[in-house]
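Enquirer: the following block contains a protein sequence and its predicted model.
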2 protein chains.
Amino acid sequence: MEMVRVTFEPEGKTVEVRPGETLLDAARAGGVFVASICGGDGICGRCRVQILSGVVDAEPTALLSREEIRDGFVLACQTRVTEDVEVAVPPEARGDGAQILVDEDAQRFRALVPALGAATEYPVAPIVSKLCVELPPPTLQDYLGCQERLYREIRRRIDAPRMQMGLKVLQSLPKQHRDGAWRVTATVGNRGETIEVIQIEEGDRTNTAYGIVVDVGTSTVVAHLVDLISSNTLEAEACYNSQIPYGAEVTRRIIHAEREGAGPLRAAVIGDVNGLINTLVTRSGVELHDVIACFISGNTTMFHLLLGLDASNIRKSPYVPATTNPPPVRAAEVGIRINPRGILYSMPAIGGWVGGDITAGILATGLADTDRLTMLIDVGTNGEIVLGNNDWMLACATSAGPAFEGTGVKCGMRASRGAIERVAFAEDGSIELETIGGGDPRGICGSGLIDAIAGLFEVGIIDRSGHLLPDRSPRVRKAAGQMEFVLVSASDSRTDADIVVTQPDIENVIRAKAAIYAGAKILLESTEHTFADIDQLLIAGGFGNYLDGRKAVLLGMIPDVPVDRIHFVGNTSVSGAKMALLSIDAFRRSEEIARSATYYDLITYPNYYEEFMSAKFLPHTDLGLFPSTVDAIGVPAANGAGRNAQ
Amino acid sequence: MEMVRVTFEPEGKTVEVRPGETLLDAARAGGVFVASICGGDGICGRCRVQILSGVVDAEPTALLSREEIRDGFVLACQTRVTEDVEVAVPPEARGDGAQILVDEDAQRFRALVPALGAATEYPVAPIVSKLCVELPPPTLQDYLGCQERLYREIRRRIDAPRMQMGLKVLQSLPKQHRDGAWRVTATVGNRGETIEVIQIEEGDRTNTAYGIVVDVGTSTVVAHLVDLISSNTLEAEACYNSQIPYGAEVTRRIIHAEREGAGPLRAAVIGDVNGLINTLVTRSGVELHDVIACFISGNTTMFHLLLGLDASNIRKSPYVPATTNPPPVRAAEVGIRINPRGILYSMPAIGGWVGGDITAGILATGLADTDRLTMLIDVGTNGEIVLGNNDWMLACATSAGPAFEGTGVKCGMRASRGAIERVAFAEDGSIELETIGGGDPRGICGSGLIDAIAGLFEVGIIDRSGHLLPDRSPRVRKAAGQMEFVLVSASDSRTDADIVVTQPDIENVIRAKAAIYAGAKILLESTEHTFADIDQLLIAGGFGNYLDGRKAVLLGMIPDVPVDRIHFVGNTSVSGAKMALLSIDAFRRSEEIARSATYYDLITYPNYYEEFMSAKFLPHTDLGLFPSTVDAIGVPAANGAGRNAQ
């Protein structure tokens, strides 16, 4: 069959495909990032691209305005190629996938935010470490073999009743012992209760040992490079998960893997992780060879796809994964490029829908070690909620969607340079913005979005059901058939386009916050608690450098508890995994946490849907639940107002 | 450079080599077995081949007779090719290397010979085994992952506090659990104190599980196929070690590996092991996939070469190996073809010169569990001797040479079909022979050689220094410049050549027996014992189906202890390894044995050389040490007689 050529601008990348394939398929085949939330079903409208030359076969859609259609815009997933074409991928569809930027946010969360009075301290003892040993040269009386001689000396230094060594290391021992003049550095890693000698270096090489921690989120992948000697974080980096084109949510990705194989999804995320590692070591001048451990923290589906495990049962009740506690494996076996004998660890998960990232969060916040009733909400594409203390823990997951990570929102972006992270509405109608890294904004990250929508609600530009009210501000307009609020005009934007918050954006955020709130409420009720019982409410997530707890309450995203009990604790998936990397005791504690926490399936709660629907108002149908919101802005406008205005 | 072609008959195999290479190089390159004891130094004369056509460049040698030179015989190692040639490899140079025959001997030693009253019994619990588990299907209350669910059920059946699983097995779990309707068979192997799940099969597959035991000797490789369900040995097979062309003794092979790399040596023995395994499974109709464990028992150098470990320090004081206790490894990683996830175990060694085969011997004979003072002599290319009981054990090695395994002897062969295994000299001068498998003989195995030389000594055809006395028998003759005794004439031989015992053969045997005797005497003296203290004297080795203890004493090979204390215990390297394969407790005991036995270096004994030289007579310089020999045959002829006769 004759092939046709699709050239994507501005990258200038040309892909050959069979006639009849969609532009989205072509983009995926060529490794060109084109945003897609619905996974190619033609319903999200995020894969808008512009045809520069050539004729295509495009399905009709209501997601494009007449103007856009006239300008050659199509939805990449709904457009089949029949001849050679040139396509422009506009900035908002490019996302950050193809370009890794410094993640200042991630850097700022190097250490744990001291939210809790009693955050547990673990002794520093990295899960993989180096040990310089002096071996007494053999004699006729002390004729132990090289392996046994090495084990004896290691055991004089550390508690290692069970040791093992791969054949390749064993093969290298006789020469290395002698070339190193009986002084060698052993890299030792914990595998269960066994110490593995991973590699031997001649002489003392204990001054170079690094580990990588990767938070593999559904939307965002964040990696930190950690010096295992000083415990310092040297570099941090993040990118969007390249699996996004296969579906914005984990369920869609699992279905894609079932239908068409998990290989491309696996390759996508491994490419992301390797890309991040490469950036980190290059920027810090670290040798890849000296990176001896990698810690993966992510939701259960994410580490299944990364490890090549079948995730399909996770999406079906009773949501049983292949494993909640993957064994340590050689990173190279998975395709992750660090030291070829370096070990890949995974944070143990609690269940199919509450992953290792949440275990990391419990570890990092000390939730399992405090007697104060604590709620931890990890706001990501799945919003996971843990309620408990040192006696019991209950965890659930809500499908919040990717709004807070910037991929479910028209001008959304992840919390990186150029993202609007704070929004304040002044009395005079003007708007003050703060942008990560300063300068003109490129889009809005999660915390900026919460600020913006809370502000719109506070000043009455949206009503209780979230509808934009055009008569309340000149910035409200109708474009491409839908209402939107212009936060930044094109002239002040780095993308040369208006930065807007659209009606669907607001609806996405309300759906997300309603899911989270309903989950929190059900967890409390099913343990016979009320909001007032919560001693600490911890908000985790990578969606900004701060989260204004007051505004989250204002929106009804989190329960109306006193503001001093609310703490924003940042990316605890990273900080918890870092603790496990740096302390074998912390890792063992994470295994206990994963075993002892109980998964709670929200769907089985009798009134789940009612709870969710009731929470789809600002702040909630039942204003009695949000006295502080009422205190702040009075009884807000009824939802009818917004409805009339449309 | 133009290549020349060397064709080896009777195989008809043609090899292309560069002009200037030796015929032995060409044979090795083409996988044609040509015997060589000296490793190519031109001093053993075993690589005699006949040039059928073409001209070669042969070094002068005294090892060929004028007649042989006229008939076109050359030493393959001393002959360089310059043009295309055809070469005949005569039967005596072919050995058995290229042809694997049934080893009836090995089959007869299926079970331990009950030599000892108190041979320890170990519970049957194979080191790798299969377990059929019924998994309760998951529910919302019991949502354990597949791995954790499997571990839970396994732990209900066996004691397995520490478990592990490779990524490939984990990847297969979700599908196999469901396809097997929650009934699967787990193959579990012991790795140290951890239980590894090696593979999962759907349904109940516990009726097929096999293991292989391989005794990797310097000269002979013996393999047994064991049914792990019934503990029965199904098949046995043996072949010469294909490393022999690189040197008859371990030291030469180590030197060869140092100079030219260990790769060819490793490939040679792995080829042997795979060939044997292939024969065993084919003959027994077992699927290779169902062979889930392989146990290697061999001297320390042999398992080093097999595992790709550097053996070079074994030949230099203090003889330190890479390891005495190699970790279990995936057999496939080493290149041994059983189930791709099957495990390769090695019997732990005592030191560089006392290997896992001796540990196996101690285990099999129960030496470490008896309070009776026991001496175990393993007669092989190295003669290892252990002295001790349940309180202490001392072990040494002597360089006996390969005479008893048939490769250091002109008409020698290993104990397989066609080998003369018993020789009796009748009063009338006639000779009675027994051949393994019956029929005309092809050569002489170790026990036949001991019988023959003891008989020659007993009837006075050789004197105390081992010289053949031509006036004592018409069968003694001079051929190719040396004396020999015609045991079988060409007409009664299956090789169509006389089967002879030559003067150098006798000298080889005397050197071997002297080395063994000297070692035994020194072990006793250095522990302040005498021969009279020995409660049990056990002779191990694969050199025949029986060994006549009386004749071994007659020759002065073993100390003169009462015959009822002498037991021939067969190939204890195989039987001990089989015990370890079939019982994890037996394997753990072997590790204790290897750790607790002490290596004794004979060379450091002040009078070692004197002891050795004194033992180079029949039975010994000091006849007072062998009263039973003197009783049997009177004071034998002095060595002067033999010397005069030459």
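Expert: Happy to help now that I have it.

Enquirer: and the gap between the residue lying closest to A:Tyr246 once chain neighbours are set aside and A:Lys551?
Expert: Nearest non-adjacent residue to A:Tyr246, counting by C-beta to C-beta, 6 or more residues apart in numbering or on different chains: A:His256, 4.6 Å away. Quick note: C-beta positions are derived from backbone N, CA and C, even for glycine. As judged by C-beta to C-beta, to the nearest Å, A:His256 and A:Lys551 stand 36 Å apart.

Enquirer: where does the prediction get shaky in the stretch 401-550 of chain A?
Expert: A:543-545 (pLDDT under 70).

Enquirer: ok, 90 please
Expert: A:401-408, A:413-418, A:421, A:426-429, A:435-439, A:480, A:494-496, A:541-549 (pLDDT under 90).

Enquirer: I'd like to know which elements the helix or strand where the residue nearest to A:Tyr246 lies is packed against.
Expert: According to DSSP states H and E, A:His256 maps onto helix A:250-260. Contact partners of helix A:250-260 among helices and strands, from 3 or more C-beta pairs under 8 Å, 6 or more residues apart in numbering or on different chains; DSSP states H and E: helix A:263-284, helix A:300-307.

Enquirer: what does it contact?
Expert: A:38-39, A:218, A:243, A:246-247, A:265, A:299, A:301-302, A:305, A:311-312, A:314-315, A:381-382, A:399 (C-beta atoms under 8 Å, 6 or more residues apart in numbering or on different chains).

Enquirer: can you pick out the ones from those that are in helices?
Expert: A:Leu265, A:Thr301, A:Met302, A:Leu305 (DSSP state H).

Enquirer: filter those down to the buried ones, PyMOL style.
Expert: Selection of buried members from the ones in helices among the contacts of helix A:250-260 for PyMOL, criterion 16 or more other C-beta atoms under 10 Å in any protein chain shown:
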select buried, chain A and resi 265+301+302+305
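
Enquirer: save the ones in helices among the contacts of helix A:250-260 as TSV, and put in pLDDT and distance to chain B too.
Expert: Shown next, in TSV, are those (pLDDT from 0 to 100; distance: C-beta to the nearest C-beta, whole Å):
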residue	pLDDT	distance to chain B
A:Leu265	97	14
A:Thr301	97	13
A:Met302	97	15
A:Leu305	97	12
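
Enquirer: as CSV, the ones in helices among the contacts of helix A:250-260 with distance to B:Ile558 would be great.
Expert: Shown next, in CSV, are the ones in helices among the contacts of helix A:250-260 (distance: C-beta to C-beta, whole Å):
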residue, distance to B:Ile558
A:Leu265, 70
A:Thr301, 70
A:Met302, 69
A:Leu305, 67
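
Enquirer: just give the nearest non-adjacent residue to A:Ala364, would you?
Expert: A:Ala364 sits nearest to A:Gly576 (C-beta to C-beta, 6+ apart), 3.7 Å away.

Enquirer: host element of that neighbour?
Expert: Judged by DSSP H and E, A:Gly576 forms part of helix A:572-582.

Enquirer: can you pull out the residues in contact with the helix or strand following that helix?
Expert: Counting by DSSP H and E, the next helix or strand C-terminal to helix A:572-582 is helix A:584-596. Residues outside helix A:584-596 that contact it (C-beta under 8 Å, 6+ apart): A:120, A:122-123, A:125-127, A:190, A:324-325, A:345, A:347-350, A:356, A:359-360, A:362-363, A:368, A:393, A:576, A:579-581.

Enquirer: now do whichever helix or strand comes after helix A:584-596: distance to the chain's middle.
Expert: Scanning forward in sequence from helix A:584-596 by DSSP H and E, the next helix or strand is strand A:598-599. On the basis of C-alpha atoms, centre = their mean, to the nearest Å, strand A:598-599 is displaced by 21 Å from the centre of the chain it belongs to.

Enquirer: list the strands paired with strand A:598-599, with their directions.
Expert: strand A:393-398 (parallel) (DSSP bridges).

Enquirer: just how off-centre is the strand it pairs with within its chain?
Expert: 17 Å.

Enquirer: give me the buried positions along the next helix or strand after that strand.
Expert: Proceeding N to C from strand A:393-398, the next assigned helix or strand is strand A:419-425, under DSSP H and E. Of the residues in strand A:419-425, A:Ala419, A:Ile420, A:Glu421, A:Arg422, A:Val423, A:Phe425 count as buried by neighbour count, 16+ other C-beta under 10 Å.

Enquirer: keeping just the C-alphas, turn strand A:419-425 into CSV.
Expert: Extracted in CSV, the C-alpha atoms of strand A:419-425 (Å, rounded to 0.1, in the frame of the first residue of the first chain):
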residue,chain,number,x,y,z
ALA,A,419,2.4,28.8,35.1
ILE,A,420,0.0,31.1,37.0
GLU,A,421,0.1,29.7,40.5
ARG,A,422,-1.7,32.5,42.5
VAL,A,423,-4.6,34.6,41.5
ALA,A,424,-6.1,37.4,43.6
PHE,A,425,-9.1,39.5,42.6
